[in-house]
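# dropping the sequence and predicted coords here.
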There are 2 protein chains.
Amino acid sequence: CKNHKPKNDQVVFGNRGMPLEDEINLSNLFYLQNDLAVIHKKPIPIQIVQVDYPKRSAAVIKEAYFKQASTTDYNGVYHGYYLDFEAKETQSQTSFPLNNFHDHQIKHLRACTKQGGICFTIIKFVSTQELFLLPAKILYNYWDQQSTGRKSIPKNVIAENGFTIKYGFQPLIPYLEKVDLLIKQSPEKRS
Amino acid sequence: CKNHKPKNDQVVFGNRGMPLEDEINLSNLFYLQNDLAVIHKKPIPIQIVQVDYPKRSAAVIKEAYFKQASTTDYNGVYHGYYLDFEAKETQSQTSFPLNNFHDHQIKHLRACTKQGGICFTIIKFVSTQELFLLPAKILYNYWDQQSTGRKSIPKNVIAENGFTIKYGFQPLIPYLEKVDLLIKQSPEKRS
Ligand SMILES: [Mg+2]
Ligand SMILES: [Mg+2]
């Protein structure tokens, strides 16, 4: 595990400068250590071409390439529910650009929703350090109309249809509180 | 996606020679394409040290190392249930050696069980091409007694407490039929 030390003593509220994924990983570690949920970041998929096996030391990958991920960043289990989500940061001020998403990520989220998974995205507006949990169904609506309509989701739509997450201490991003609200909204899908 | 061509024309029942993971990946692809479940193999975690970015071609990883996985091989969602499992092959004839498992895998499965996930292992006895789905709770029992007791799970215990999976055509390993039976046995964990 990496040690996420703040870079200076003046740690500002919201940990300015820490990437969203690191913030979520820290939060997931807290949830895991406190038996509240088991959510992991999926490793980056790599196509390995050449590996050296030196004597008396660890195998070294000498040639490999990044592969397109076929899923999202995070999944896991919480209170018997399957959770699946993407973490996205944007520098944009007033809306979330849809080109932050890849087609395969939407396709994967849709397949998970169909199976009764709880699917969403955590969006961070970097300039204001605002965080939202946006239910995937809002994302699908905007995704499907983008060829003829808007290419981004307005921040006020995200705020009204999603859930504002306030930075906390432990966990840093208490997103499971918002997942509880999302679960209450979701139709029971088990068959 | 790799093309899993049989190596010769005499394809025997059970696809002798195909690794268990490939067999499960093919089965998961069938389940995904038919909207029956969304289960993926997790990528191998890699620590990347050096990447080259040549002009006009893809980034090349020039130095990287294998990291210890903190989870299991597979997870996903099926009928609203979170599934989590390991795939294990053994050359052993009459029992499954517990040293096929790592401590962190058992710890991860236990954490998922506690959250209401459906956890198990798919075991293949390579010499006889026999397949079993073993509920994680049987594995925990044997795991916890191994310092003073047996270091392996007898095949007859696996057959009696688990579910025999017969190779099929589509999917090749119809393990979700056995997951249905496992779900029926499992206490409802949602809170
Ligand atoms: Mg992301
Ligand atoms: Mg395995």
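Structure received. Numbering: from 1, shown residues only, chains lettered A, B, ... in the order given. Ligands and ions are numbered 1, 2, ... in the order given.
# surely A:Phe125 meets A:Pro97?
No: applying CB atoms under 8 Å as the test, A:Phe125 and A:Pro97 come out as separate, 11.5 Å apart. Where C-beta positions appear, they are placed from N, C-alpha and C, glycine not excepted.
# ok, which stretches of chain A are strands?
A:38-41, A:46-52, A:60-66, A:74-78, A:81-90, A:95-97, A:118-125, A:130-135, A:152-154, A:163-165 (DSSP state E).
# in terms of neighbours, single out the busier of A:Phe125 and A:Pro97.
Set A:Phe125 next to A:Pro97 and count neighbours by other CB atoms under 10 Å in any protein chain shown: A:Phe125 wins out with 19 against 14.
# now do the contacts for the more buried one.
Each residue near A:Phe125 by CB atoms under 8 Å, 6 or more residues apart in numbering or on different chains is listed here: A:90, A:92-93, A:96, A:131-132, A:155.
# just put those in CSV and tack on neighbour count.
Converted to CSV, those look like this (neighbours: other CB atoms under 10 Å in any protein chain shown):
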residue, neighbour count
A:Thr90, 17
A:Ser92, 14
A:Gln93, 10
A:Phe96, 24
A:Leu131, 24
A:Phe132, 22
A:Lys155, 20
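# longest helix in chain A, by residue count?
helix A:20-33 (DSSP state H).
# tell me which residues of that one are tucked away?
Neighbour-count burial for helix A:20-33, counted by 16 or more other CB atoms under 10 Å in any protein chain shown, picks out A:20-32.
# what of stretch A:137-157?
Quick answer for stretch A:137-157 (16+ other CB under 10 Å): A:137-139, A:142-143, A:152-153, A:155, A:157.
# those residues in helices, which ones?
Short answer: the buried residues of stretch A:137-157 in helices (DSSP H) are A:137-139, A:142-143, A:155, A:157.
# please identify which two of those are farthest apart in space.
Pairwise distances across those peak at 18.0 Å for A:Lys137 and A:Lys155 (criterion: CB to CB).
# rewinding a little: any idea which of the buried residues of stretch A:137-157 is closest to B:Tyr175?
Of all the buried residues of stretch A:137-157, B:Tyr175 sits closest to A:Lys137, with 30.2 Å by CB to CB.
# setting aside sequence neighbours, what's the nearest residue to the closest one?
Leaving out its chain neighbours, the residue that sits closest to A:Lys137 by CB to CB, 6 or more residues apart in numbering or on different chains is A:Thr113, at 7.3 Å.
# close enough to count as contact, the one you found and A:Ala136?
Yes: counting by CB under 8 Å, A:Ala136 is a contact partner of A:Thr113 at 5.8 Å.
# would you mind listing the residues touching both of those two?
Counting by CB under 8 Å, 6+ apart, the residues touching both A:Thr113 and A:Ala136 are A:Cys119.
# which residues does the closest residue to ligand 2 within chain A contact?
Using CB to the ion, the closest approach of chain A to ligand 2 is made by A:Pro43 at 14.8 Å. For A:Pro43, the contact set (CB under 8 Å, 6+ apart) comprises B:42-46.
# tell me the phi and psi of it?
A:Pro43 has phi and psi values of phi -60, psi 160 when expressed as degrees, to the nearest 10.
# now do the same for it: its pLDDT.
In this prediction, A:Pro43 carries a pLDDT score of 92.
# which residues are contacting stretch A:154-171?
With contacts defined as CB under 8 Å, 6+ apart, stretch A:154-171 is touched by A:13-15, A:26-28, A:30-31, A:93-96, A:122-123, A:125, A:129-135, A:138, A:173-175, A:177-178, A:181-182.
# how long is that stretch from one end to the other?
Using CA to CA, to the nearest Å, one end of stretch A:154-171 lies 28 Å from the other.
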